[in-house]
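Q: Need coordinates for the following:
(one chain, ligands or ions: 2)
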Amino acid sequence: MPLLTELPINTYFDHIPVNEMTMPLGYNDVILLVSLLYSSIDIYYEWDSFSQCQRPIHQWLFASFALVVIFRLTHVLGMKTATLGSGDFLLDLRQKDTLPRLLVSFTWLIALPFFILWTLVGTKWLWVTIRETPSCVPTSTHKWFSIFWLALCYVWILIHTALFGVAWLLERRVRRAEVDLREIEDDDVISRWGQVSSLQTYRSLCGHGQKGLSPTEIAALPSFSCDAGMYEAGIGADTECPICLHDLKIGDSIRELDVCGHMFHRSCIDLWLLRSSACPLCKRSVKGSNGDRHAGCGASHVRGSNANLRVAEPDSSRRLGAMQLS
Ligand SMILES: [Zn+2]
Ligand SMILES: [Zn+2]
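A: Ligands and ions are numbered 1, 2, ... in the order given. Predicted structure coming up:
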């Protein structure tokens, strides 16, 4: 039954390079923490000298250090508490549990904007200090360290602004996918697969909107309801839907792919086609194949299709098995 959701369709989203900053606490964090602690102690001992500066750059440095540490701690806590099965903590705006959801909101809505603002303030203060009271800093090393730290802050901002951009794009794609799924999701889909239009995370996209057909294209594909005449003619007698592995029964809404004649429950193949434009059995492309071959649901069409399915069936189970393993 869960074959459709288990098919390993690799997508761009599974291979998004995750920045080192998104990894759990590691040696880099220890080095960062020790460096910031050393610098803080040094500034503390040179406090009187810094106080002579036109702008309080020592206070800016302190606050900037603290913000970076708070951000890292927030992220590590977020990674530890992220909802099971969700995507990367910083990229997934759909955390289900309260704590990771609050941490994500804090990171993007408070921490990042405030850090950008604070870095701009620091840029101004450092510029004024170097221009008007350059001799206030204890040594030239302190001056160059302040400039170096400011540059690091801008790198940090660039990386995290890009990450937020990716997170926002992923969320937009998830919302679009949900709109498509809602167009497909009728009573038949719900009875067979449950409510599919509510995606848990961007990892649920699985190629949706990239390799698949649009709901309009899918709706244009021929479908018919399996009646007693068709059933006796062959459909359902010894065939099953290759996706859900349930028999095609009288009253089932069926869709046959023009390109190859393979038949499926409409609710099963429609969900598949949103993710892939290829027939799940023979891999032929369905896109643009909506011709006149099966304009009606006549007996000859049914017999022909059924024959195709019969030929494909023993092979198909192996193919789908192989797809699950690949
Ligand atoms: Zn099915
Ligand atoms: Zn096919």
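Q: Look at the residue nearest to the spatial centre of the chain and report its pLDDT.
A: With distances taken as C-alpha atoms, centre = their mean, residue 202 lies nearest the centre of the chain, 2.6 Å away. On pLDDT, residue 202 comes in at 74.
Q: and this protein, which residues reach ligand 2?
A: Counting by C-beta under 5 Å from the ion, the positions of the chain adjacent to ligand 2 are 260, 262, 279, 281-282. In short, each C-beta sits where N, CA and C put it, glycine included.
Q: can I get the residues you listed in JSON lines with pLDDT, neighbour count and secondary structure?
A: Formatted as JSON lines, these follow (pLDDT from 0 to 100; neighbours: other C-beta atoms under 10 Å; DSSP: H, G, I helix; E, B strand; the rest coil):
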{"residue": "260", "pLDDT": "88", "neighbour count": "20", "secondary structure": "coil"}
{"residue": "262", "pLDDT": "89", "neighbour count": "23", "secondary structure": "coil"}
{"residue": "279", "pLDDT": "92", "neighbour count": "22", "secondary structure": "coil"}
{"residue": "281", "pLDDT": "90", "neighbour count": "23", "secondary structure": "coil"}
{"residue": "282", "pLDDT": "91", "neighbour count": "16", "secondary structure": "coil"}
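Q: Can you check which helix is longest in this protein?
A: Assignment by DSSP state H gives helix 140-184 as the longest helix of the chain.
Q: and that one, average pLDDT?
A: Mean predicted lDDT for helix 140-184 stands at 91.
Q: could you say what helices and strands it packs with?
A: helix 57-81, helix 112-132, helix 215-219, helix 266-275 (3 or more C-beta pairs under 8 Å, 6 or more residues apart in numbering; DSSP states H and E).
Q: how about 10 Å then?
A: In terms of contacts (3 or more C-beta pairs under 10 Å, 6 or more residues apart in numbering; DSSP states H and E), helix 140-184 is packed against helix 27-45, helix 47-50, helix 57-81, helix 112-132, helix 215-219, helix 266-275.
Q: between that helix and helix 266-275, how many degrees?
A: Counting by axes from the mean of the first three to the mean of the last three C-alpha atoms, to 10 degrees, helix 140-184 lies at 150 degrees to helix 266-275.
Q: What parts of the stretch 201-326 of the chain come near ligand 1?
A: 241, 243-244, 265, 268.
Q: 6 Å - rerun?
A: Applying C-beta under 6 Å from the ion, we find that the stretch 201-326 of the chain lies next to ligand 1 at 241, 243-244, 246, 264-265, 268.
Q: Now which of the residues you listed would you call buried?
A: Using 16 or more other C-beta atoms under 10 Å as the burial test, these include 241, 243-244, 264-265, 268 as buried.
Q: got those residues as JSON lines, with distance to residue 66 and pLDDT columns?
A: Formatted as JSON lines, these follow (distance: C-beta to C-beta, whole Å; pLDDT from 0 to 100):
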{"residue": "241", "distance to residue 66": "59", "pLDDT": "89"}
{"residue": "243", "distance to residue 66": "54", "pLDDT": "91"}
{"residue": "244", "distance to residue 66": "55", "pLDDT": "90"}
{"residue": "264", "distance to residue 66": "58", "pLDDT": "92"}
{"residue": "265", "distance to residue 66": "58", "pLDDT": "92"}
{"residue": "268", "distance to residue 66": "55", "pLDDT": "93"}
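Q: returning to that earlier point: which one is the residue nearest to the centre of the chain nearest to, not counting chain neighbours?
A: Of all residues not flanking residue 202 in the chain, residue 170 sits nearest, at 4.0 Å (C-beta to C-beta, 6 or more residues apart in numbering).
Q: For residue 51, what are phi and psi?
A: For residue 51, the backbone dihedrals (degrees, to the nearest 10) come out as phi -60, psi -20.
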